[in-house]
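[1] Sequence first, predicted model second:
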Amino acid sequence: MLLKKALRSLSCVVLLSSLSSFSYAEQAKPALDKNALTLKIGALLGLEVKSVKPSPMENLLEVITNQGIFYTSADGEFLVHGKLYGIGENVTNYTEEALAKLRIEGIEQFKGDFIVYPAKNEKFTVTIFTDITCGYCRQLHQQMDEYNKLGITVRYLPYPRAGVKDNRGQLTDGFKDLRSIWCHEDPAKALTKAKAGSSVAQRICDKPLEQEFDFARQVGVNSTPAIVFDNGFMLPGYRQPQDLLKILQSLAEES
């Protein structure tokens, strides 16, 4: 909530400076060390800083937080929320490249929690953040046999679109339903039934659904389905089996 309030009136750039642009131009401020920068961002915006490192742009630092990627000046006076592009011979989305690395690392941590629908003749694997209340998620799942026949293995991770808790601090029905599915003795069967419209018998177990939701938000997931490829790049939305196959084949040719 604190982050939303801080960014609400400043569409993509947040100025942390109390000095005018004239005084800033006249006298550059010394760089803050990483600890001081981490403390400042945490105190002012309530962000948990995971790492700070130089970005591809000179004098701009890449700050990875629990709410995604930000950029800051070395002195900590300016904070930028948006995407960083390189415009040399080709346009490069440096922010997406950084997020791709985070996705690969994070998904690896949750590999024991996938619900998997394997292709017998596996050629490609995709990881999809899904919810049972999402119409396109249901449409995608109804075509699972087609994806599998094309050699595409689908691995699901949960993403409750309504969030983990409601305004009263109670767990949302969407979260409880997904938790029950992931806690089922046969999660793949339970997920298929739920996406076909069956009610979900409530179960409770020790599964990292809340951590997975937080991770998904950190790496740019805000809707379902969200398809993540092996290289970490993400494609929001539903794709027909043949269309997804063409995308996967194209990515394979580029690698």
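    Nice, I can see it.
[2] Same question for the helix or strand where residue 43 lies: list its buried residues.
    Element membership of residue 43, judged by DSSP states H and E, is helix 34-45. Using 16 or more other Cβ atoms under 10 Å as the test for burial, helix 34-45 gives 37-38, 40-41, 45. To be clear about C-beta, it is placed using only N, CA and C from the backbone, and glycine gets the same treatment.
[3] what is the mean pLDDT for stretch 86-102?
    Across stretch 86-102, the average pLDDT comes to 94.
[4] Quick one: end-to-end distance for that stretch.
    Chord length of stretch 86-102, first to last residue, is 20 Å (Cα to Cα, to the nearest Å).
[5] now swap in stretch 148-157 and tell me
    Stretch 148-157 end-to-end distance (Cα to Cα) = 18 Å.
[6] could you give the mean pLDDT of it?
    Mean pLDDT, computed over stretch 148-157, is 98.
[7] which parts of it are buried?
    Going by neighbour count (16+ other Cβ under 10 Å), the buried part of stretch 148-157 is 148, 150, 152-157.
[8] CA atoms only: put stretch 120-129 into CSV for me.
    Only the C-alpha atoms of stretch 120-129 are listed here, as CSV (Å, rounded to 0.1, in the frame of the first residue of the first chain):
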residue,chain,number,x,y,z
LYS,A,120,5.2,-38.1,-24.1
ASN,A,121,7.5,-36.8,-26.9
GLU,A,122,8.7,-33.7,-25.0
LYS,A,123,10.3,-31.0,-27.2
PHE,A,124,9.5,-27.9,-25.1
THR,A,125,8.6,-27.0,-21.6
VAL,A,126,6.6,-24.0,-20.4
THR,A,127,5.8,-22.8,-16.9
ILE,A,128,2.4,-21.2,-16.6
PHE,A,129,1.0,-19.2,-13.7
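[9] going forward, begin numbering at 28 instead of 1
    Taking 28 as the first residue, the last one we looked at is stretch 147-156.
[10] hang on, the earlier thing: could you dump the buried residues of stretch 175-184 into JSON lines and include secondary structure and distance to residue 87?
    Below are the buried residues of stretch 175-184 laid out as JSON lines (DSSP: H, G, I helix; E, B strand; the rest coil; distance: Cβ to Cβ, whole Å):
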{"residue": "175", "secondary structure": "helix", "distance to residue 87": "44"}
{"residue": "177", "secondary structure": "coil", "distance to residue 87": "42"}
{"residue": "179", "secondary structure": "strand", "distance to residue 87": "38"}
{"residue": "180", "secondary structure": "strand", "distance to residue 87": "39"}
{"residue": "181", "secondary structure": "strand", "distance to residue 87": "38"}
{"residue": "182", "secondary structure": "strand", "distance to residue 87": "35"}
{"residue": "183", "secondary structure": "strand", "distance to residue 87": "36"}
{"residue": "184", "secondary structure": "strand", "distance to residue 87": "32"}
